[in-house]
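Visitor: coords below, sequence missing:
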């Protein structure tokens, strides 16, 4: 009787342990981060328990065999789910917290701990670590520690600078570090300038291109235009000015409008407002809930037989799907001969927005990119795929397609343009998108333990659809400045 009771307790404990070990993966992804060694310890305990079970009881018993067989996939899933999962300890399915104030002081040990944490997941997730010599990155890491060790004091922005110089050295625009500051301050005139057609072109008399060349080690970029956009965004915030080493008091910004006129304005730290104050001020410039704030919208110009879809971010959702359906329904009803997609300033999101758009085009199939996905110790290859186009036959569009891009068209927005160009589905107008089609992407996002800085790391390497081209960028068929793309579009309508 005692032996039977003991066997039942042992069986129950083994089953509960298997469930607990398997639950560690979703627990980490959804709720709480912990190091991989915790999983290794739990799996080791499970192996010991099953080993003891095999040794203690008759191996001819069916329940013993079933338990051992059941433990194998649990152990495999758990080890792969931690050591080969690029999203382990990431923020994929849970939120992060605010970053410490950018001028908050950290100890050297805290700063080093943050860089070590970043490097650990950088090495684990990025495809480059299975591709080529990493010696240069290790040298840069040691140089960063030496600079921090010699610093009189270390702030959160100091850690961000060192982290960014490490991540930016790969020429991978997707792998980068940033902060989410609770009390961020924004330049009060941004919306007024943008709505008036003004663009920031120089600071303290120095063109942005010149500043970028001096500060480019602080940015992750593949195309200079994307790097300059990143510089511009930092110039709009107080934390960004500190990151760049620019004194906000008495700083002079020069703005230029579409007519080439210039206006210089001096600012102090008082001109940078907290978010609520900034929004309260700028509601008078850009009222809330206007069409301009929608991520997707369209207009029909019947006089030019043009439907223009404006897509500000690549969000694949019901709103996007419904907007496309409504637009192409109206295109068919009004016999519109030209459809254009404005991707200028679109920072990316889901590549499925391109697939959904192509469903309205007269193509039976199209090609997508080849890639390699870094899964722990392996780079898993995915070859170019020929996709059958499940067309909306009642709304199939057979006439001219145009896509407008600029240096702010990034990631999935670049892929949208690539799908159209490399499959000969339409023509591109404007500037080349902000990243290269043969490069890295599909990121995992993490948060550093002491500074609270965020960093994202590419997990895939992509290869351009058109492998025969020597063009490193998705170059438009009609190249022009971003603000002239609409004019060029109208000049080329059928």
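Guide: Thanks, I have the structure now. Model, not experiment: these values are computed from the prediction.
Visitor: how near is the residue nearest to residue 130 when sequence neighbours are not counted to residue 172?
Guide: Leaving aside its sequence neighbours, residue 130 sits nearest to residue 379 (C-beta to C-beta, 6 or more residues apart in numbering; 5.0 Å). C-beta coordinates here come from the backbone N, C-alpha and C atoms, glycine included. For residue 379, the distance to residue 172 (C-beta to C-beta, to the nearest Å) stands at 15 Å.
Visitor: before we move on, back to that, show me what the host helix or strand of the residue nearest to residue 130 is packed up against.
Guide: Assigned by DSSP states H and E, residue 379 falls within strand 378-382. Here strand 378-382 is seen to pack against strand 370-375 when contacts are counted using 3 or more C-beta pairs under 8 Å, 6 or more residues apart in numbering; DSSP states H and E.
Visitor: now do the strand it packs on: everything it contacts.
Guide: 80, 84-86, 125-127, 129-130, 379-384, 442, 459-463, 467 (C-beta atoms under 8 Å, 6 or more residues apart in numbering).
Visitor: please list only the buried members of those residues.
Guide: 85-86, 125-127, 379, 442, 459-463 (16 or more other C-beta atoms under 10 Å).
Visitor: wait, which of those residues is closest to residue 434?
Guide: residue 462 (14.6 Å; C-beta to C-beta).
Visitor: mind listing what the helix or strand where that closest one lies pairs with, with the direction of each?
Guide: Using DSSP H and E, residue 462 maps to strand 454-463. With DSSP bridges as the test, strand 454-463 is paired with strand 176-178 (antiparallel), strand 370-375 (antiparallel), strand 440-447 (antiparallel).
Visitor: could you give me the buried positions within stretch 97-115?
Guide: By neighbour count on 16+ other C-beta under 10 Å, the buried set for stretch 97-115 is 99-102, 104, 106, 110-115.
Visitor: columns secondary structure on top of those residues, output as JSON lines?
Guide: Formatted as JSON lines, the buried residues of stretch 97-115 follow (DSSP: H, G, I helix; E, B strand; the rest coil):
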{"residue": "99", "secondary structure": "strand"}
{"residue": "100", "secondary structure": "coil"}
{"residue": "101", "secondary structure": "coil"}
{"residue": "102", "secondary structure": "coil"}
{"residue": "104", "secondary structure": "coil"}
{"residue": "106", "secondary structure": "strand"}
{"residue": "110", "secondary structure": "helix"}
{"residue": "111", "secondary structure": "helix"}
{"residue": "112", "secondary structure": "helix"}
{"residue": "113", "secondary structure": "helix"}
{"residue": "114", "secondary structure": "helix"}
{"residue": "115", "secondary structure": "helix"}
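Visitor: tell me the one of the residues you listed nearest residue 38?
Guide: residue 113 (18.1 Å).
Visitor: which pLDDT value belongs to that closest one?
Guide: Residue 113 is assigned 97 on the pLDDT scale.
Visitor: that one and residue 449: what is the separation?
Guide: Computed as C-beta to C-beta, the residue 113 to residue 449 distance reads 7 Å.
Visitor: same question, residue 209
Guide: Distance from residue 209 to residue 449, by C-beta to C-beta: 37 Å.
Visitor: out of the strands paired with strand 454-463, nearest to residue 231?
Guide: Using C-beta to C-beta, the strands paired with strand 454-463 put strand 176-178 closest to residue 231, at 13.0 Å.
Visitor: need the contact partners of the closest one.
Guide: The contact list for strand 176-178, computed with C-beta under 8 Å, 6+ apart, reads 118, 160, 163-164, 167-168, 219-220, 453-456.
Visitor: could I get the average pLDDT for that strand?
Guide: pLDDT averaged over strand 176-178 gives 96.
Visitor: in that strand, what's buried?
Guide: 176-178.
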